[in-house]
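Asker: sequence and predicted model, in that order:
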Amino acid sequence: MGIFNRKQIFYKTAAEIEIMREAAQIVSRTLGILAAQIKPGVTPLHLDKIAEEYIRSQNAIPGFLGLYDFPNTLCISINEQVVHGIPGNKPLNEGDIISVDCGSYFEGYYGDHAYTFEVGEVSPEIKKLLQVTKECLEIGVAQTKVGNRIGDIGFHIQQHAEKHGYGVVRDLVGHGLGQSMHEEPQVPNYGRRGTGKQIQNGLVIAIEPMINMGTEQVIQASDNWTIITADNQPSAHFEHDVAVVNGKPEVLSTFKYIEEALAKK
Ligand code: MG
Ligand code: MG
């Protein structure tokens, strides 16, 4: 989502970062629960209900539900859908990939975290797209440190994705996170090194590479939400919430619960 309410960057105190860590962990646990459920035949709407119930059980509320009038707890984007897919009743198919993006609102702060899951067995080409996109996220996180600028994050993500011949989505970007879901600064997944705002302690951002197997061009579907690739090739999306503490990146969200659930499958 690329809608920004404020121009200023709100740097967070240690106490705020601790609340945001819990907001991010609630989303991380939610995605871990979903990881165990995702298989052919399951509907996105079923996953959405599980997520909403769990988030509410954690004294939080779904961060996306009602935000800019979005109708659900999860954005579920399948195959050529990039982001902002609305969960529906059509069962998942073997070989699909689904990007599950989830937000929480906990004690006045947002968490925002996403993972692209394989449904059953997917092709080697798609496995590679997921792997490289996850690497792009890790590379972006590593650049989120004092001494760098925001442009360094996008520069390195773009280099890695394009090295593999993939398209880096330009129309949607990562973002600052806090008392609003989308704060300054914008965090593009492309750009020039040494440009943009200086990274300072207390910065909290959502880094979220959206990487397409083919063209970087995207279009919006007729539901006015779902973003899809212009060439209908698949797209992957991974997202972490990252705070800058003592000059270094600290990832507030985690894939640990997802990886534990997938290992048991
Ligand atoms: Mg998100
Ligand atoms: Mg986000």
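Answerer: Looks like it arrived, so ask away. Ligands and ions are numbered 1, 2, ... in the order given.

Asker: so Asn189 belongs to a helix, correct?
Answerer: No - assigned with DSSP: H, G, I helix; E, B strand; the rest coil, Asn189 falls outside any helix and is coil.

Asker: distance check, it against ligand 1.
Answerer: Separation of Asn189 from ligand 1 (Cβ to the ion, to the nearest Å): 13 Å. All C-beta spots, glycine's among them, are computed from the backbone N, C-alpha and C.

Asker: hang on, isn't that residue packed against Val168?
Answerer: Yes - using Cβ atoms under 8 Å, Asn189 is in contact with Val168, at 5.2 Å.

Asker: ok and the residue in the stretch 151-265 of the chain nearest ligand 2?
Answerer: Closest to ligand 2 within the stretch 151-265 of the chain is Ala206: 4.0 Å, counting by Cβ to the ion.

Asker: assumed that residue was part of a strand.
Answerer: Yes - Ala206: assigned to a strand according to three-state DSSP.

Asker: returning to that earlier point: what do Asn189 and Val168 both touch?
Answerer: By Cβ atoms under 8 Å, 6 or more residues apart in numbering, Asn189 and Val168 have these common neighbours: Ile157, Gln158, Ala161, Pro209, Met210, Ile211.

Asker: just the helices in this protein please.
Answerer: 14-37, 44-57, 124-142, 150-163, 256-264 (DSSP state H).

Asker: ligand 1 is nearest to which of these?
Answerer: Using Cβ to the ion, the helices of the chain put helix 14-37 closest to ligand 1, at 8.6 Å.

Asker: show me what the most centrally placed residue in the chain bridges to in the sheet.
Answerer: Centrality entry for the chain: nearest residue to the mean C-alpha point is Glu239, 2.9 Å, by Cα atoms, centre = their mean. Taking DSSP bridges as the rule, Glu239 bridges to Ala114.

Asker: ok, now how distant is Ser123 from Leu92?
Answerer: Distance, Ser123 to Leu92, using Cβ to Cβ, to the nearest Å: 16 Å.

Asker: returning to what we had before: so Asn189 and Val168 - more neighbours on which side?
Answerer: Shown here are Asn189 and Val168; by other Cβ atoms under 10 Å, Asn189 has more neighbours (27 against 21).

Asker: how about the residues of the stretch 151-265 of the chain near ligand 1?
Answerer: Residues of the stretch 151-265 of the chain lying close to ligand 1 by Cβ under 5 Å from the ion are Glu239.

Asker: from the stretch 151-265 of the chain, which residue is nearest to ligand 1?
Answerer: For the stretch 151-265 of the chain, the residue closest to ligand 1 is Glu239, as judged by Cβ to the ion, at 4.7 Å.

Asker: that residue against Asp101, yeah?
Answerer: Yes - counting by Cβ under 8 Å, Glu239 touches Asp101, with 6.6 Å between them.

Asker: which neighbours do the two have in common?
Answerer: Contacts common to Glu239 and Asp101, judged by Cβ under 8 Å, 6+ apart, are Asp112, His113, Ala114.

Asker: tell me the spacing between the residue in the stretch 51-200 of the chain positioned nearest to ligand 2 and ligand 1.
Answerer: Minimum separation of the stretch 51-200 of the chain from ligand 2 (Cβ to the ion) falls at Asp112, amounting to 4.2 Å. Counting by Cβ to the ion, the gap from Asp112 to ligand 1 is 4 Å.

Asker: for that residue, list the residues it contacts.
Answerer: With contact taken as Cβ under 8 Å, 6+ apart, Asp112 is in contact with Ala24, Val27, Gly63, Asp101, Cys102, Gly103, Leu177, Met181, Ala206, Glu239, Asp241.

Asker: neighbours of Arg149, how many?
Answerer: Counted with other Cβ under 10 Å, Arg149 comes out at 19.

Asker: which residues are in contact with it?
Answerer: Taking Cβ under 8 Å, 6+ apart, one finds Arg193, Gly194, Thr195, Gly196, Lys197, Gln198, Ile199 in contact with Arg149.
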